[in-house]
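In: Provided below for reference: sequence and predicted model.
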Amino acid sequence: MSEPSRLPFEFHPLPEPTRTLSSSGVEIATYDLGKPGGAGTVDRSVLFAHATGFCAAVWAPVTDHLQEYHCASLDFRGHGLSSIPAAGMDWSGTAEDVLAVVDALGLNKPFGVGHSMGGASLLLAEQMRPGTFSGLWVYEPIVFPMQDSGLEPTGLKIQDISSSNPLVASALRRRDTFPSRSAAEENFASKPPLSDLCPAALRAYVEYGFEQLLDDSITLRCRPEIEADTYKMGARHSAFAHLGEVACPVTVARGHTKFPGPADLAPIISQALPSSTLEEFPALGHFGPLQDPVTVAAAVRSALAAVSAGL
């Protein structure tokens, strides 16, 4: 992992979002970070997809290190400034959010970068519309093997995840209001799991993931019940059954395996993909892209270069 002195404490603010119409009448907050210009720039678009409970802004410390590319990001339905679907947080909807943003921004075979739910949503989007992406870099995507596949990872009981996900209960208990942004930042920095985030990613989460109220207190934009429903639906999509249909090159990245979790799924997902590389970051946990954006940006750049060389 990078030395703490190398990790960013600040980030470039996001531009004003545009509103993109997705499925079921949902409006998605879409952020076009602009096309680079000048020497050393690359004619390549990169779309960033966040994890459950977060928002587009948490990728800012990573995209700040990839300014030679045309970067874009989105708030998934129910998250950030996007609207809430009336029919619930089925992950086919988050995949449709991805496709809606690709179309709205006119991205031609972009490279997709996703974390957790965001990584799974990119894979689902590529399955829905093959050929959308030139390649993908996904960090611990939430893609569970089917219960009858015989591929259950050691220590990770798939039936337990789908029927009684502890993250659902945890989300419903989440504190959703703080007297100020500084109070929220101090609270999250003092205890896990958000204490794992680098200062810039934590600040971005507090700045963009909360709405300021009239009394200057702040409240979560991704409501606890929406986060819980998103977790609940995480084991109910069929991405694993269709991984063989993903033709573009995919880097499946994972952190350490000290505890049972999504990192255990990464080798199984990688093996099921036709063109895949498993990349390991033993110093990082499940929040890896938010822990060390410098290292993650370098990994994304390498994956982009490999895809470009193969085109």
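Out: Great, that's in hand. Residues are numbered from 1 along each chain as shown.

In: which residues of this protein score low on pLDDT?
Out: 1-8, 37-43, 147-164, 311 (pLDDT under 70).

In: any idea where the strands of it begin and end?
Out: 18-21, 27-32, 45-49, 70-74, 111-115, 135-139, 177-178, 210-212, 218-220, 250-254, 276-280 (DSSP state E).

In: got those as CSV, with mean neighbour count and distance to Gly310 columns?
Out: Where you see a C-beta, it was placed from the backbone N, CA and C, and this is true even at glycine. Below are those laid out as CSV (neighbours: other Cβ atoms under 10 Å; distance: least, Cβ to Cβ, whole Å):
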stretch, mean neighbour count, distance to Gly310
strand 18-21, 14, 30
strand 27-32, 24, 26
strand 45-49, 26, 16
strand 70-74, 26, 20
strand 111-115, 28, 12
strand 135-139, 28, 8
strand 177-178, 15, 47
strand 210-212, 15, 41
strand 218-220, 18, 42
strand 250-254, 26, 13
strand 276-280, 16, 12
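
In: just checking, what packs against the lengthiest helix in the chain?
Out: Identified as the longest helix of the chain according to DSSP state H is helix 293-310. For helix 293-310, the elements it packs on are helix 60-63, strand 111-115, strand 135-139, strand 250-254, judged by 3 or more Cβ pairs under 8 Å, 6 or more residues apart in numbering; DSSP states H and E.

In: quick one: the residue nearest the centre of the chain and Thr277, what's the gap?
Out: Among the residues of the chain, His50 comes closest to the average C-alpha position under Cα atoms, centre = their mean, at 2.4 Å. Separation of His50 from Thr277 (Cβ to Cβ, to the nearest Å): 22 Å.

In: now the strands of the chain as a markdown table including distance to Val58?
Out: Output for the strands of the chain, formatted as a markdown table (distance: least, Cβ to Cβ, whole Å):
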| stretch | distance to Val58 |
| --- | --- |
| strand 18-21 | 19 |
| strand 27-32 | 12 |
| strand 45-49 | 9 |
| strand 70-74 | 9 |
| strand 111-115 | 8 |
| strand 135-139 | 12 |
| strand 177-178 | 18 |
| strand 210-212 | 13 |
| strand 218-220 | 14 |
| strand 250-254 | 16 |
| strand 276-280 | 20 |
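
In: can you tell which of those strands is closest to Ser82?
Out: strand 27-32 (4.8 Å; Cβ to Cβ).

In: dump the C-alpha coordinates for the closest one into CSV.
Out: Provided in CSV are the C-alpha atoms of strand 27-32 (Å, rounded to 0.1, in the frame of the first residue of the first chain):
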residue,chain,number,x,y,z
GLU,A,27,-33.3,10.1,-13.3
ILE,A,28,-29.6,9.5,-12.9
ALA,A,29,-27.1,12.2,-11.9
THR,A,30,-24.4,12.0,-14.5
TYR,A,31,-21.0,13.6,-14.2
ASP,A,32,-18.9,14.3,-17.3
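
In: so which residues of the stretch 1-150 of the chain form helices?
Out: Remark: helices assigned in the stretch 1-150 of the chain by DSSP state H, counting those that start in this stretch are 60-63, 91-105, 117-128.

In: of all those, which one is nearest Val26?
Out: Val26 lies closest to helix 91-105 among the helices of the stretch 1-150 of the chain, at 7.0 Å (Cβ to Cβ).

In: so Ala253 sits against Pro282, correct?
Out: No - contact criterion Cβ atoms under 8 Å: Ala253 and Pro282 do not qualify, at 11.5 Å.

In: and Gln291, how far from Tyr208?
Out: Distance from Gln291 to Tyr208, counting by Cβ to Cβ: 18 Å.

In: typed the wrong thing, it's Cys71
Out: 16 Å.

In: ditto for Gln67
Out: Separation of Gln67 from Tyr208 (Cβ to Cβ): 19 Å.

In: looking at the two, which one has more neighbours?
Out: Comparing Gln67 with Tyr208 by other Cβ atoms under 10 Å, the one with more neighbours is Tyr208, at 23 against 15.

In: find the residue closest to the more buried one in space, skipping its chain neighbours.
Out: Nearest non-adjacent residue to Tyr208, counting by Cβ to Cβ, 6 or more residues apart in numbering: Ala57, 3.6 Å away.

In: verify the stated contact: that neighbour with Arg203.
Out: No - in this structure Ala57 lies outside contact range of Arg203 using Cβ under 8 Å: 9.2 Å.
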